[in-house]
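Novice: The sequence and its predicted three-dimensional model are supplied below.
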Amino acid sequence: MSTNAIISLPDQSTARIPKDNFITRENGLLSWLLTGDHKRIAILYLISITFFFFIGGALAGLIRLELLTPQTDLMATDTYNKVFTMHGIIMIFFFLVPSVPATLGNFFIPMMIGAKDLALPKINLLSWYLYMAGGILAVYTMASGGVDTGWTFTTPLSTHYVNTNVLTTGLAVFVAGFSSILTGLNFIVTIHKMRAPGMTWFRLPLFIWAHYAASILMVLATPVVAIAIVLVALERTFGIGVFDPIKGGDPLLFQHLFWFYSHPAVYIMILPGMGVISEVISTFSRKRIFGYTAVAFSSVAIAVFGFFVWAHHMFIMGISNYAVLVFSLLTMLVAVPSAIKIFNWTFTLYKGSITFETPMIYAFGFLGLFTIGGMTGVFLGASGTDIHLTETYFIVAHFHFVMVGGMLMAFLSGIHFWWPKITGRMYPEKISQFAAVVTFIGFNLTFFPQFILGVLGMPRRYASYPPEFQVLNVFSTAGATILGVGYLLPVLYLIWSLKYGAIAGNNPWQATGLEWQTQSPPLTENFAVMPIMDHEAYDYEWLEQQQQAHKESEATHAG
Amino acid sequence: MPDNPVTSQGASGAAKHAGSADNADILHAGHPPYLRHHFNSTEQQADTANFAMWLFLLTEVMFFGGLFTAYLIYRNWYYPAFVAGSHQLNVVWGTTNTFVLILSSFTMAMGVWCAETRRRKGLVLCLTLTFILGLCFLGIKTIEYREKIEMHHVPGFHYSLQSFLDPASNPEVFKEYHDQPLALDMARHTEIYFSLYFLMTGMHALHMIIGIGILAFMIFRARSGAYTAGHVTFVENFGLYWHFVDIVWIYLFALLYLISRHQ
Amino acid sequence: MNHISPTIWQFLVKWLTNFALFPPEASKIAPQMDALLFFMVLVSLIGLTIVVLLIVSFSILYNKKRHPVAVQVEGSTLLEATWTIIPLGLFLVMFVWGALIYFRVYTPPANSMNIYVVGKQWMWKAEHPGGQHEINALHVPTGRAVQLTLISQDVFHSFSVPAFRVKREAIPGRYTTVWFEATVPGTYHLFCTQYCGTNHSQMTGDIVVMTPEDFRKWLASSTSGASLAQNGERLFASLSCAACHNTRPDARGPNLSGVYGAKLPLASGGTVIADDAYLREAILNPSQHVTQGYAPIMPTYQGQISEEGVIALLEYIKNLDSDYRVQQTLNTTDMLPGSEGKAPAAEKAPASKGTVKP
Amino acid sequence: MSEPNEHAHHIVGPGVYVAILFALLIGTALTVWASFIDLGPWNPIIALAIATSKATLVVLFFMGVKYSSKLTKLTVFAGIFTFMILISLTLADYISRAWGSW
Ligand code: HEA
Ligand code: HEA
Ligand code: CUA
Ligand SMILES: [Cu+2]
């Protein structure tokens, strides 16, 4: 560990993991499967999400392998189509949407606001079961032949022209959607009703604000995609005609409904990650977030404006030109709050006292990659350039930059950051710093060439491509291999650390959040004594006084 | 917002939690058994449940919202088809059903009031009435659906254009409205009208069926006084749900049944 | 940028093209699109550099060794306003600039030469007015505005020519248009960029840009005998459209000559411009807009005519319009070798009985 | 904490409920009646206006929003607002499409 690390671990010889904590309180599989404890549910989620991530990742590996050469030599085109469809569906609905909220959010929202649990523990468990039901259905679909509509289920392709498992996939997404709705609902209720005394809105950690905003999106947007899927299913089974141009329906209506969810969904995916970044940057620069209110409100602004821009996915699809104008303008507006956040985080470093533990490295990665990803989103939002760039690898690069470079980095950052709290043990610092750097390099090697491919015009969802694009594709595939290693490493050393990691103590990062003021791993009811919030968020001076007082009292005890 | 949370601790989880540090006053009697351990007061608990229910209704609004959007678009595109389709619906049944549902909403509201004022018999009566009215609604809906099936107005199942190409073939409707025959291409679009009709009323009916199921369960529990001892959250929340379903119907009735009846 | 310094622009484009980082610019709109693209890249690079520079320098200046105790700073309204307003301003510039280009790409000039393109799983079929058919290929001349009228027979496809920086969705059930003016002869990629099922990645082709002379030769060598309008005339007769649409005083349908591009009064009130999309609707969904003064008796031809058939009928109806014919003569027919036989049908005497004389 | 319901919220009495019931029934009769007379373009507007006032009554009284916390009111508003975004922006596209039938 570098000398300038802030970690102040308890004395290793005497340190022990507290005997009574949420993991040891009850034993047996059933105690996990029937639990109402938000922390246990978070761990259930963590395991299942990782599982789906690796399925999705293996599919990504297949995509990249196929694209190594211009011809379709590894698999037939329709196999390729199934592979990228399942990759998209699994990664979005079964990994990224629940990633941070359902694991870290579930675990830490109650702890950060000083509550004993989420407001609706049974609903929380139900949402995990729904998620699992959807996930298993998706895997079953994949095993029984897959689906090849693309993750966007574009009509009339999905309703009349493909004969793969659209129905079961739709059902899987539908069920997963309900899981997401329930999670969001639970968070909103909890944040409104369960805050500890003294925990006013503007004392909430920004992690909470971000989750609050994301939850609004989950609750209000997800039902619309649910109904869109129901309509697709009915169109497929009964031919009801609402999306069928032959019967007078409008296939674009489906896209309106789909993107009314799926655009806000991209903010469901990024906002919780932004929450993580706020916590991490503040902690490792030992400073209150620069412009707390601006960052808090920009989350809400993203959530609200996020509802107004969905048709930017349809610029060339035949919506009216005037609608294009309006949606393009609104897209520009929604990009501003993200820019605000980036600069506020950057300026949080100003006059800080910065250390570079793994979470911080991931957070730096997030800042750089999300800036690139976000700015290229603006390229797409400007209607003119979208004509050239849409449906090319430029989009693929854009969304992997925001989703993988942004959210996945944030997720890993958060996992490392809170690992000591969740398990009571530290992860090995050196190797994890190494893994973070590997992911960063691998990521750029994988996805940066795709921007160039996109500008050159290489269409997405192509199993074969003109030979002049090969060089860049080879780079990309090489990068994906490195990236895969970068993702495999954390799994290995984090599992290793469960047994061999150093004991973390309550607050290894000297962070200010309420979750750090209790034992790790926490008690089932989180706090031995109900906390009372008497200071602002990120108040490092308060923390110092607290510790001073603690030391003094220990000294007097000893004396 | 939670007030004075420090003073009270959960009771229901207490046995399990013995030994933990938060059992300061678990032995303190007076906590109702329905207070769950992670809440500080019954008020907080009730508030929370109420708010959660409202959020759930929000998702329902957006769920039906997608259907209403589709409806509005196609109605404006294929107005004549929608008029002709609408004339095939039976206003008498529709109006009756509206009355039935409004009545049931009223009995439900009264039920909530009975629960709040702890009138067990009144509650059981109100719930039973609501239950019966709900069944009535579904019964009438079944009659209507059956008519549609007989007329081959169910999209996807041998959908027949006859009533629109040749309105006189359905004398009952014809003598009322004297519909002009539709051109073939417009007549085809009536299928979209009926798709939306079945979708929207079907979704609504599904909500009714779920509601009726819950009502049956509630009647059963209400008889033993479960909701008349101070813990009325469940009844209240169910009431919200039931009223929401009523509101959806109010719009469905106006939008589906009453298009241009004057022609 | 190309307006500011053509030399630098040329250099930049050539350099980038040779490094295969940048597609060739082969249409008039391409440099305009690229100028915006470069502007955006530039802004992003500056923005990214600022962010990265700040992070790096703060990390050096304020790392724990150098700066052991953090100084708490609440925020700064001035700074925050700066980084709200500057990006907003830049984004708005991009929006306006982008919108200008968007409208340029999708608003064809008045007298462009029209080619129909039908997309289907998984091929592109192009139909030139002179009757030339092409599959997965499109021949166009340089120096002439070419308008594509696109439609799909089944699912969404997207007609994409990266070298032209132009792309448009082919939608089932309605026409969309896009236009370009090719500048550099050569062969360029044509891609279907909207995912359309199994062989989506094989729905590609070549755009062959030729000099006007070469193009004229090509047109002559690949004509299939009848022009589109002549095919349309034949269909018009065989579907007995002329039973209603004729010049007899008791005709049940409106006279179709001169209808293309005209403003038609509707029975429901209001007017409508009879463009391609309208004519198509009028044939397939006639009761959608009934022309004033006529009974809605026209039968629908939905399901009886293929998309190609509709296109041929449209071309025929368009040619009944003298103005349009003049335009077409200016635009296309002069491309044809001097022989009279290839001129659009309407110029000749009506072939079948009852056909409207323009 | 003994009587949670007494200070938790205002209890609406049966009197109000009966009044609302009658208002709703009359409203229903009114829409049916209005739909059978020719009001030109006003027909759908009136039908929707009556439906909306009925819905408002149900929300305010049967569902008790009139007596609820600001939070509940805000929630109801948020639902209507998002619903309106969905409808209005989608319809804006359809209305302004050149090929539309408007
Ligand atoms: C986490 C997911 C996520 C996020 C956060 C975003 C964020 C954004 N996205 Fe992206 N997007 C996707 C996921 C995401 N997107 C996906 C999955 C698709 C493809 C779906 C499919 O078709 O399969 C997509 C597609 C997509 C399109 C459609 C393209 C097309 O189909 O033609 C558009 C168009 O407008 C777009 C725009 C934007 C914009 C403007 C933002 C903005 O929110 C970005 C805002 C951020 C910034 C602007 C960066 C910070 C800015 C600065 C630091 C300032 C820099 C300095 C100066 C300007 C001085 N995205
Ligand atoms: C959260 C979302 C998410 C994530 C994390 C990823 C992660 C990755 N994605 Fe993808 N992707 C999408 C969401 C996501 N993707 C979506 C929505 C689409 C659009 C689908 C559509 O068009 O419908 C898409 C499409 C997409 C394409 C375009 C396909 C096409 O259009 O033809 C490509 C191509 O390179 C790609 C690559 C990758 C790679 C290399 C990774 C890597 O980051 C993954 C790295 C992880 C691993 C590699 C797993 C760990 C290692 C192992 C399990 C060991 C085995 C590894 C190997 C054999 C290499 N993705
Ligand atoms: Cu056609 Cu892709
Ligand atoms: Cu979007």
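Specialist: Happy to help now that I have it. Ligands and ions are numbered 1, 2, ... in the order given.
Novice: contacting residues around the residue in chain C positioned nearest to ligand 2?
Specialist: Nearest residue of chain C to ligand 2, counting by C-beta to the nearest ligand atom: C:Tyr195, 6.9 Å away. C-beta: built from backbone N, CA, C; applies to glycine. For C:Tyr195, the contact set (C-beta atoms under 8 Å, 6 or more residues apart in numbering or on different chains) comprises A:Asn81, A:Gly150, A:Thr152, A:Thr154, A:Leu157, A:Glu391, A:Arg460, A:Arg461.
Novice: The third one belongs to a strand?
Specialist: Looking back up the chat, that one is A:Thr152. No. Under DSSP: H, G, I helix; E, B strand; the rest coil, A:Thr152 falls outside any strand and is assigned coil.
Novice: Excluding residues flanking it in the chain, which one is nearest it?
Specialist: Leaving aside its chain neighbours, A:Thr152 sits nearest to A:Phe258 (6.4 Å; criterion: C-beta to C-beta, 6 or more residues apart in numbering or on different chains).
Novice: Compute the number of surrounding residues for the one you found.
Specialist: Other residues within reach of A:Phe258, judged by other C-beta atoms under 10 Å in any protein chain shown, total 25.
Novice: And the pLDDT for it?
Specialist: Per-residue confidence (pLDDT) for A:Phe258: 95.
Novice: Now do the same contact list for it.
Specialist: So A:Phe258 contacts A:Thr152, A:Phe153, A:Val225, A:Ala228 (C-beta under 8 Å, 6+ apart).
Novice: roughly how far is the helix or strand A:Tyr129 falls within from the heart of the chain?
Specialist: Using DSSP states H and E, A:Tyr129 sits within helix A:121-143. From the chain centre to the centre of helix A:121-143 is a distance of 18 Å (C-alpha atoms, centre = their mean, to the nearest Å).
Novice: does any part of it sit near ligand 2?
Specialist: No. Helix A:121-143 does not reach ligand 2 (C-beta under 6 Å from any ligand atom); its nearest approach is 13.6 Å.
Novice: May I see the buried residues of that helix?
Specialist: Within helix A:121-143, the residues that count as buried by 16 or more other C-beta atoms under 10 Å in any protein chain shown are A:121, A:123-128, A:130-135, A:137-139, A:141-142.
Novice: Any residue of that helix touching chain B?
Specialist: Yes. Residues of helix A:121-143 contacting chain B under C-beta under 8 Å from any C-beta of the partner chain: A:Pro121, A:Ile123.
Novice: Could you identify the helix or strand that succeeds that helix?
Specialist: Following helix A:121-143 toward the C-terminus (DSSP H and E): helix A:166-193.
Novice: immediately after that following helix, which helix or strand?
Specialist: helix A:206-238.
Novice: Number of residues surrounding C:Ala137?
Specialist: Quick note: C:Ala137 (other C-beta under 10 Å) scores 14 neighbours.
Novice: My understanding was that it contacts C:Ala126; is that so?
Specialist: Yes. The pair C:Ala137 and C:Ala126 qualifies as a contact (C-beta atoms under 8 Å) at a distance of 7.2 Å.
Novice: where exactly do the helices run in the stretch 1-150 of chain C?
Specialist: Using DSSP state H, counting those that start in this stretch, the helices of the stretch 1-150 of chain C run over C:6-18, C:29-61, C:77-106.
Novice: if we can go back for a sec, highest neighbour count among the contacts of C:Tyr195?
Specialist: A:Asn81 (27 neighbours).
Novice: That one reaches C:Thr198, doesn't it?
Specialist: Yes. The criterion here is C-beta under 8 Å, and A:Asn81 meets it with C:Thr198 at 6.5 Å.
Novice: which neighbours do the two share?
Specialist: Residues touching both A:Asn81 and C:Thr198 (C-beta under 8 Å, 6+ apart) are A:Asp148.
Novice: quick check: longest helix of chain D.
Specialist: When chain D is parsed with DSSP state H, its longest helix is helix D:70-96.
Novice: got the buried residues for that helix?
Specialist: For helix D:70-96, the neighbour count (16+ other C-beta under 10 Å) marks D:72, D:75-76, D:78-79, D:82-83, D:85-87, D:89-94, D:96 as buried.
Novice: Give me the mean pLDDT for it.
Specialist: The average pLDDT within helix D:70-96 is 92.
Novice: quick check, distance from that helix to the centre of its chain.
Specialist: Using C-alpha atoms, centre = their mean, the offset of helix D:70-96 from its chain centre is 13 Å.
Novice: helices or strands up against the helix or strand where B:Thr130 lies?
Specialist: Per DSSP H and E: B:Thr130 is located in helix B:120-150. Counting contacts by 3 or more C-beta pairs under 8 Å, 6 or more residues apart in numbering or on different chains; DSSP states H and E, helix B:120-150 packs against helix B:91-116, helix B:190-223.
Novice: and after that helix, which helix or strand comes next?
Specialist: Next along the chain from helix B:120-150, counting by DSSP H and E, comes helix B:162-165.
Novice: Ligand 3 next: which of the contacts of A:Phe258 are close?
Specialist: Among those, no residue is within reach of ligand 3 (C-beta under 6 Å from any ligand atom).
Novice: any chance of those residues in TSV, with distance to C:Leu36 and pLDDT too?
Specialist: Below are the contacts of A:Phe258 laid out as TSV (distance: C-beta to C-beta, whole Å; pLDDT from 0 to 100):
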residue	distance to C:Leu36	pLDDT
A:Thr152	27	92
A:Phe153	32	92
A:Val225	33	94
A:Ala228	33	94
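Novice: for the one helix or strand A:Ser298 maps to, which positions count as buried?
Specialist: Using DSSP H and E, A:Ser298 sits within helix A:292-305. For helix A:292-305, burial by neighbour count (16+ other C-beta under 10 Å) applies to A:Tyr292, A:Ala294, A:Val295, A:Ala296, A:Ser298, A:Ser299, A:Val300, A:Ala301, A:Ile302, A:Ala303, A:Val304, A:Phe305.
Novice: next helix or strand past it?
Specialist: Next helix or strand after helix A:292-305 toward the C-terminus (DSSP H and E): helix A:321-348.
Novice: how about the very next helix or strand once past that next one against chain C, any contact?
Specialist: Counting by DSSP H and E, the element after helix A:321-348 in chain order, helix or strand, is helix A:358-381. Yes. On the criterion C-beta under 8 Å from any C-beta, helix A:358-381 is in touch with chain C at A:Phe364, A:Leu367, A:Gly368, A:Thr371, A:Ile372, A:Met375, A:Thr376, A:Val378, A:Phe379, A:Gly381.
Novice: How many residues are close by A:Phe71?
Specialist: Actually, residue A:71 is Gln. It isn't Phe. What A:Gln71 shows, counting by other C-beta under 10 Å, is a neighbour count of 10.
Novice: A:Phe238 now?
Specialist: A:Phe238: 15 neighbours (other C-beta under 10 Å).
Novice: Provide the contact partners of the helix or strand hosting D:Thr52 at residue level.
Specialist: Element membership for D:Thr52 (DSSP H and E) is helix D:42-57. Helix D:42-57 is contacted by residues B:247, B:250-251, B:253-255, B:258-260, B:262, D:20, D:23-24, D:27-28, D:30-31, D:34-35, D:39 when judged by C-beta under 8 Å, 6+ apart.
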